Every structure is written in structure tokens, then in C-alpha cells.
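Asks: no sequence for this one, just the structure:
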């Protein structure tokens, strides 16, 4: 049985707080965009870090190496 992703379903679980983002809910575009910018998408971070908009790999490592 194949699964189908929908923007509506993705939006229910998207932690991104950047409201004007045109990729919100379109995960494949979001991931591609952030990787091209040497970043990770919002869903890779806890809420307190995501809200800083520092989505760098360095911040990801700092965030998760403390746990």
C-alpha cells in the first residue's frame, strides 16, 4: 500500500515558524532549499532553537551534542 503525502497533512505537523515561507508543507521542496543553503529544515530542531532561525549544521550539532 503506497502512502501519499499531502500539503494539508504536512502542515499539521510542520514546526516552521516562518509564516511567509512558500515551501511550508511541501517537505521535498523545503529540504532541497535548506540543503542548498547549507542548512537543515525546521523539523530538525526543537522549538526553542527553530524559533531563532539558526538552522545551520553547526547549530544542529551544538543542540544535540548537549543531550
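Replies: It's in. Because the structure is predicted, anything quoted here is derived from the model rather than measured.

Asks: By mean pLDDT, flag the weakest helix or strand of this structure.
Replies: Of all helical and strand segments in the chain, the minimum by mean pLDDT, DSSP states H and E falls on helix 7-13, at a mean of 92.

Asks: Could you identify the helix or strand that succeeds that helix?
Replies: For helix 7-13, the succeeding helix or strand toward the C-terminus, using DSSP states H and E, is helix 27-36.

Asks: List the buried residues of that following helix.
Replies: 27, 30, 34 (16 or more other CB atoms under 10 Å). (Glycine included, C-beta is placed from N, CA and C.)

Asks: Centre of the chain to that helix, how far?
Replies: Its chain's C-alpha centre and that of helix 27-36 lie 8 Å apart, by CA atoms, centre = their mean, to the nearest Å.

Asks: Likewise for stretch 25-40?
Replies: Distance, centroid of stretch 25-40 to centroid of chain: 7 Å (CA atoms, centre = their mean).

Asks: can you list contacts of that stretch?
Replies: Applying CB atoms under 8 Å, 6 or more residues apart in numbering, the contact partners of stretch 25-40 are 5, 7-8, 10-11, 14, 16, 21, 23-24, 41-43, 55-57, 60.

Asks: Kindly supply the ChimeraX command isolating those of the residues you listed that are buried.
Replies: Buried residues within the contacts of stretch 25-40, by 16+ other CB under 10 Å, are selected in ChimeraX with:
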select :10,14,16,23,24,41,42,55,60
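
Asks: circling back: could you dump the buried residues of helix 27-36 into JSON lines with distance to residue 65 and pLDDT added?
Replies: Formatted as JSON lines, the buried residues of helix 27-36 follow (distance: CB to CB, whole Å; pLDDT from 0 to 100):
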{"residue": "27", "distance to residue 65": "26", "pLDDT": "94"}
{"residue": "30", "distance to residue 65": "24", "pLDDT": "96"}
{"residue": "34", "distance to residue 65": "20", "pLDDT": "97"}
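
Asks: Need those in TSV (columns: distance to residue 47).
Replies: Shown next, in TSV, are the buried residues of helix 27-36 (distance: CB to CB, whole Å):
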residue	distance to residue 47
27	18
30	17
34	17
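
Asks: for those residues, which one is nearest residue 49?
Replies: Among these, residue 34 lies closest to residue 49 (CB to CB), at 14.1 Å.

Asks: Having no further points to raise, I will conclude here.
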